[in-house]
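>>> sequence first, then the predicted structure, then my questions.
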Amino acid sequence: MSAAALPVGKRSACVIGAGFGGLALAIRLQAGGVQTTLVEGRDKPGGRAYFWEKDGFTFDAGPTVITDPPCLEELWALTGHRMADDIELMPVMPFYRLNWPDSVQFDYSNDDAAMNAEIARIEPGDVAGYRDFLHYSAGVYEEGYVKLGHKPFLDFTSMIKAAPALAKYQAWRSVYSIVSKYIQSEKLREAFSFHTLLVGGNPMTTSSIYALIHKLEKDGGVWWAKGGTNRLVAALVTQFERIGGQVRLGDPVSRIASLGDRITGVETASGWSGSFDAVASNADIVHSYRDLLADNPRGRRMGKSLRKKRFSPGLFVVHFGVEGTWPGIPHHMILFGPRYKGLLDDIYEHGVLPQDFSIYLHHPTVTDPSMAPDGMSTFYALVPVANQGKLPIDWDQVGPVLEQRILDEVGRRLIPDIHSRIVTKFHYAPADFSRDLNAYLGSAFSLEPILTQSAWFRGHNRDDVIPNLYLVGAGTHPGAGIPGVVGSAKATAGLMLEDLK
Ligand SMILES: Cc1cc2nc3c(=O)[nH]c(=O)nc-3n(C[C@H](O)[C@H](O)[C@H](O)COP(=O)(O)OP(=O)(O)OC[C@H]3O[C@@H](n4cnc5c(N)ncnc54)[C@H](O)[C@@H]3O)c2cc1C
C-alpha cells in the first residue's frame, strides 16, 4: 500500500519522545489514520537506543539483544510493508556466554541438546530440573506475555481478572526463588535468573512472571540488527515517515498544555507549539507528569506519588574500540563477579559502589564487522550501579576510576593487552541518563519491575483523570525492554484509536 493510499483522518496526535515505545506508538497511530507528530528532544531518535560514531567505530548506546522480531514486524505489516526491506536481522549464537571467576563457562542458547550438554557439564542432576523450569517458563510466557503483554490495565478489575494466573504461577515469588525450586547448582541458578537485570529487575525480588524471558528467547531467538540497533531505529523512522508521519528532532517539549481536564497541545523549547486531539508521552514518566504537566494539578499530584516508588538501578557503560579482531569472544558475554546476591543487595538496597562487579560485555564486530574499521573491534562493557537516589555521587570524579577498573577486569579475563590496543574510549553514567534523557534518578529502566509496580500498579497507558493524555514506554505496563515497550505501544494505540474514532 502506498503512503498516499493511507486513509489519514482529521484527528491528530502528538507523541513526545522517539524511544522504541514512542516510535512504535507513532507508527500504529499514523497507520490507524491519525495524523501523528513525533517530537524528540535529542538530535537523533532512539532514546536509550541512541548511538555515537567515533574514529570510524559505531557505538550503540543501549539495547543490543533483539528478541521477539514478530513484535517489530507487526509495525510494518500494519500497512502492508515488510520490515526485512528496511533492516536485516542477523541471528546470534550462542545467545550469551556466561563466564565465572573460576573460568567455568556456559554457552546459553535455544538448542535443546547443546543446553542439556552445557547443564550436564556443570551439574548433571539439573538437566531434569531445567526441563521443569522450561515448562514453568512456557506457562508464564503464555499468560504474562502472549495474553497480557499488550493489554492495558486501566482498573483494578483487570488486575483481579489476572489474579488466578498470578496465583497459579506463584507470582509473589522471585525469579531466583522459582529457578532455585528447579535447579540446584548456584552457577546455573545465576544462569537462569540474571535476565531480569536486562529489564532493570533484581532477580532476588522481581516477580517470577519475568521467568517468561527464557521462553521468549527460546522461541524467538536472539538477533542483531545489521549496522547496529541504531539502524533498527532508523528503519522505524523510515516506516513512520513513509506513511505520512512527521518527526521533529532536537526540540524538547517544555510543556503539555491543558485546559481543565483536557490536553490541548504541546510547547517546545524552541518556541514551537502544536494543538492536538491527543498527546502521548514516551518521555520518562516522572518528567512527563512533574515537569511537562507542572501547571496542571494532576501533573503535580502524580509527580509526587511517582517519586515515592522504587526506581530501577543505573548503568555504567564503557564504550571502547580496539585494534585487532577477537573471533573467540562471542557477541554477548556475562563476566560474573565473585558475588551474586551480595552484589545485587549492594546495588538495589545498600546503594554503595562495590569493589567487585559483574560485567555484560557487548562485542558486535564478531557478528557484524561493519561496526568498526577494518581489523578493529567495537565493544561495550556495562555494569549495573545504584541509581542516583541511592548513590548520589559525583560521576565526573568516579567515572574515570570505574572505567579503568572495568577495563582492567576485561583485560584480566579476556584481552590481556587491552590498554595498549585501545583506539578510542568513553563512558556513559547515570548522570548522563538524567541529563540527556530526563531519566528520573538516572534510572536506566524506569520503575523497578516488582510485583507491586507491575500491571495495574505500573503507569497506566491512559491517564486516569485526563482522558486525552496517554503514556507509553518503560514506565508503563508491561515495562522495559524492547518487546515490553513495543507491547506498551500496542496497548496505548488500542486505547487512542478507539478514543479518537
Ligand atoms: C545500556 C542499556 C542496554 C539495554 N539493553 C537492552 C537489550 O539488549 N534488549 C532490550 O530489549 N532492552 C534493553 N534495554 C532496555 C531498553 O533499551 C529500554 O527499556 C527501551 O529502549 C526504552 O524505550 P522507551 O520507549 O521507554 O523510551 P526511551 O528509550 O527511554 O526514550 C524516551 C525518549 O523520550 C525523549 N524525551 C525525554 N524527555 C523529552 C522531552 N521533554 N521532549 C521530547 N522528548 C523527550 C528522550 O530523549 C528519549 O528519546 C537496555 C537499556 C539500556 C539503557
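Done, it's in.
>>> contacting residues around the nearest residue to Pro94 once chain neighbours are set aside?
Nearest residue to Pro94, sequence neighbours excluded (Cβ to Cβ, 6 or more residues apart in numbering): Asp107, at 4.0 Å. The way it works is simple: take the backbone N, C-alpha and C, and place the C-beta from them, glycine included. Contact analysis of Asp107 by Cβ atoms under 8 Å, 6 or more residues apart in numbering lists Pro94, Tyr96, Arg97, Leu98, Ala114, Glu118, Pro330.
>>> which among the residues you listed gets closest to Asp277?
Nearest to Asp277 out of those is Tyr96 (Cβ to Cβ; 44.6 Å).
>>> look at the residue of the stretch 101-250 of the chain found nearest the ligand and give its secondary structure.
As assessed by Cβ to the nearest ligand atom, the ligand sits closest to Leu198 within the stretch 101-250 of the chain, at 5.6 Å. Put simply, Leu198 is helix when judged by DSSP: H, G, I helix; E, B strand; the rest coil.
>>> again with Trp224
Secondary structure, three-state DSSP: Trp224 is strand.
>>> repeat for Tyr176
At Tyr176 the chain is in helix, as set by three-state DSSP.
>>> again, but for Val352
Going by three-state DSSP: Val352 is coil.
>>> residues near it, how many?
14 (other Cβ atoms under 10 Å).
>>> how about it: what's its closest non-neighbour residue?
Nearest one to Val352, counting by Cβ to Cβ, 6+ apart, is Asp346 at 5.2 Å.
>>> ok, that neighbour touching Pro354?
Yes - checked against Cβ atoms under 8 Å, the pair Asp346 and Pro354 is within contact range at 4.6 Å.
>>> between the two, who's got more neighbours?
For Asp346 versus Pro354, neighbours defined as other Cβ under 10 Å are more numerous around Asp346 (21 against 16).
>>> OK, contacts around that one?
Asp346 neighbours (Cβ under 8 Å, 6+ apart): Val352, Pro354, Ala386.
>>> restrict these to those near the ligand?
When Cβ under 6 Å from any ligand atom is taken as the criterion, no member of the contacts of Asp346 contacts the ligand.
>>> ok, of these, which one's closest to the ligand?
Ala386 (15.0 Å).
>>> skipping adjacent residues, who's closest to the closest one in space?
Nearest residue to Ala386 in three dimensions, chain neighbours excluded: Gly351, at 4.3 Å (Cβ to Cβ, 6+ apart).
>>> verify the stated contact: that neighbour with Gln388.
No - Gly351 sits out of contact with Gln388 when judged by Cβ under 8 Å, with a separation of 9.6 Å.
>>> of those two, who's got more company?
Gln388 (23 against 17).
>>> and that one, how far is that from Arg300?
In this view, Gln388 and Arg300 are 22 Å apart by Cβ to Cβ, to the nearest Å.
>>> kindly report the same for Gly32.
With distances taken as Cβ to Cβ, Gly32 is found 32 Å from Arg300.
>>> more crowded one of those two?
Legend: neighbour count by other Cβ under 10 Å for Gly32 and Arg300, higher for Gly32 (23 against 14).
>>> the more buried one: what's it in contact with?
Leu78, Ala493, Leu497.
>>> check Asp499 too.
Asp499 is in contact with Ala278, Arg462, Pro467, Asn468, counting by Cβ under 8 Å, 6+ apart.
>>> kindly reformat those residues as TSV containing neighbour count.
Shown next, in TSV, are these (neighbours: other Cβ atoms under 10 Å):
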residue	neighbour count
Ala278	24
Arg462	21
Pro467	14
Asn468	20
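>>> okay if I get those as TSV plus distance to Thr452 and pLDDT?
Shown next, in TSV, are the contacts of Asp499 (distance: Cβ to Cβ, whole Å; pLDDT from 0 to 100):
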residue	distance to Thr452	pLDDT
Ala278	29	98
Arg462	21	97
Pro467	26	97
Asn468	29	98
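>>> can you pull out the strands in the stretch 51-200 of the chain?
For the stretch 51-200 of the chain, the strands defined by DSSP state E, counting those that start in this stretch occupy 51-54, 57-60, 66-67, 89-91, 96-99, 105-108.
>>> surely Asp291 touches Asn438?
Yes - Asp291 is within contact range of Asn438, at 7.3 Å (criterion: Cβ under 8 Å).
>>> isn't there a helix covering Glu498?
Yes - assigned with three-state DSSP, Glu498 falls within a helix.
>>> can you count the residues close to it?
10.
>>> gap between it and Leu382?
As judged by Cβ to Cβ, Glu498 and Leu382 stand 39 Å apart.
>>> next one: Thr365
17 Å.
>>> kindly report the same for Pro338.
Pro338 is 18 Å from Leu382, by Cβ to Cβ.
>>> name the residue in the two with the higher neighbour count.
Remark: of Pro338 and Leu382, Leu382 carries more neighbours, 22 against 13, as counted by other Cβ under 10 Å.
>>> and that one, what element?
Element membership for Leu382 (DSSP states H and E) is strand 376-385.
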